[in-house]
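Trainee: Give the three-dimensional model of this entry:
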Amino acid sequence: VIKHNPDAIDFSHIVSRLALYENPDNHYAALLLSGILELREMYKDAIAVYAKIPVSSPAFYIAQYKTAVNLRNMQKYKEAEVLLKDLISDYPDNAQTLLDLGDTLRMQEKHKEALKYYRQAQELFPKTADKMWQVYYAMGISLDQTDDWKKAEKMFLKALKLSPNNLLVMNYLGYSWLKQGRHPERAFEYIVKAYNQAPFNSSITDSLGWAFYRFGLYNEAINYLEKAVDNEPSNAVINDHLGDAY
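Mentor: Model prediction:
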């Protein structure tokens with residue numbers, strides 16, 4: 001509710017600041033304030049608040065974990081990696097931390113190491129947990145990037161089974177199939193479904209334009225690829241696809 005209500009964000013920001021002013025040791029107010037700062041994308045300020053929560057506090061672990069997430073949001077991946085590994089050494093059975101560490105490593109192109117932590121998270125999450133599609137999706141990407149498409153494809157299909165019509169999974173799988181010249185009709189269907197959910201997503205718009213290009217429908221391809229370039233003009237892959245269509 002707070003996330004989508006600017007007035008609620010402002011009110012919560014004020015109240016949490018007042019609570020901390022009255023009692024600087026109110027660590028739960030600190031967590032609330034940091035969450036508000038994160039909603040405002042003030043990640044550095046949120047980290048500064050988390051840093052004041054001592055080791056003795058029951059809120060310490062969540063403060064450290066959220067600090068790592070914020071470092072990743074700031075693209076400080078190495079710092080986030082170090083902190084997450086410290087947390088895992090103390091709490092080795094936390095599936096969410098393992099998943100986040102895998103993601104942090106994947107963002108640094110450390111795919112083989114990422115897979116190690118994804119597999120640990122996979123073992124710890126219940127098989128029907130809401131997070132499981134994310135584990136399979138992330139594993140699929142890292143497997144693909146380590147040239148093991150056969151296993152990657154299985155992961156993407158598992159993710160779709162748990163989260164049908166998931167736009168991220170459909171876009172990645174559909175685009176990959178098109179690159180390989182496999183299942184063209186199904187690939188196009190997935191990409192269209194993803195686009196209908198997120199027509200302003202430049203990556204998905206690029207996939208749709210490139211799909212039209214692969215089918216030889218160049219005018220349609222140009223329409224979507226130009227839109228994708230307008231949304232993300234510095235993306236080399238999208239510009240390359242548009243150049244091919246021209």
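
Trainee: Let me know the secondary structure of Phe200.
Mentor: Phe200 falls in the coil class when you classify it by DSSP: H, G, I helix; E, B strand; the rest coil.

Trainee: Excluding chain neighbours, what is closest to it?
Mentor: Asn231 (6.7 Å; Cβ to Cβ, 6 or more residues apart in numbering). For the C-beta atoms, the positions are set from N, CA and C on the backbone; glycine is no exception.

Trainee: ok, now Ser163?
Mentor: Nearest to Ser163 is Trp133, by Cβ to Cβ, 6+ apart, at 3.8 Å.

Trainee: then the host helix or strand of the one you found to PDB, C-alphas only?
Mentor: Using DSSP states H and E, Trp133 maps to helix 132-145. The C-alpha trace of helix 132-145 is given here as PDB (Å, rounded to 0.1, in the frame of the first residue of the first chain):
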ATOM      1  CA  MET A 132      11.400 -21.300  -7.000                       C
ATOM      2  CA  TRP A 133      10.600 -20.000 -10.400                       C
ATOM      3  CA  GLN A 134      13.300 -17.300  -9.800                       C
ATOM      4  CA  VAL A 135      15.800 -20.000  -8.800                       C
ATOM      5  CA  TYR A 136      15.100 -22.000 -12.000                       C
ATOM      6  CA  TYR A 137      15.100 -18.800 -14.200                       C
ATOM      7  CA  ALA A 138      18.500 -17.600 -12.700                       C
ATOM      8  CA  MET A 139      20.000 -21.100 -13.100                       C
ATOM      9  CA  GLY A 140      18.800 -21.200 -16.700                       C
ATOM     10  CA  ILE A 141      20.600 -17.900 -17.500                       C
ATOM     11  CA  SER A 142      23.900 -19.100 -15.900                       C
ATOM     12  CA  LEU A 143      23.700 -22.500 -17.500                       C
ATOM     13  CA  ASP A 144      23.100 -20.800 -20.900                       C
ATOM     14  CA  GLN A 145      26.100 -18.500 -20.300                       C
END
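
Trainee: now the helices for this structure?
Mentor: Secondary structure of the chain by DSSP state H: the helices cover 6-22, 27-39, 43-50, 60-73, 77-90, 95-106, 111-124, 132-145, 149-162, 167-180, 184-197, 202-214, 218-231, 236-245.

Trainee: just checking, what packs against the shortest one?
Mentor: Other helices and strands packing on helix 43-50, by 3 or more Cβ pairs under 8 Å, 6 or more residues apart in numbering; DSSP states H and E, are helix 27-39, helix 60-73.

Trainee: Ile47: which of these is closest?
Mentor: In terms of Cβ to Cβ, the element of these nearest to Ile47 is helix 60-73, at 5.2 Å.
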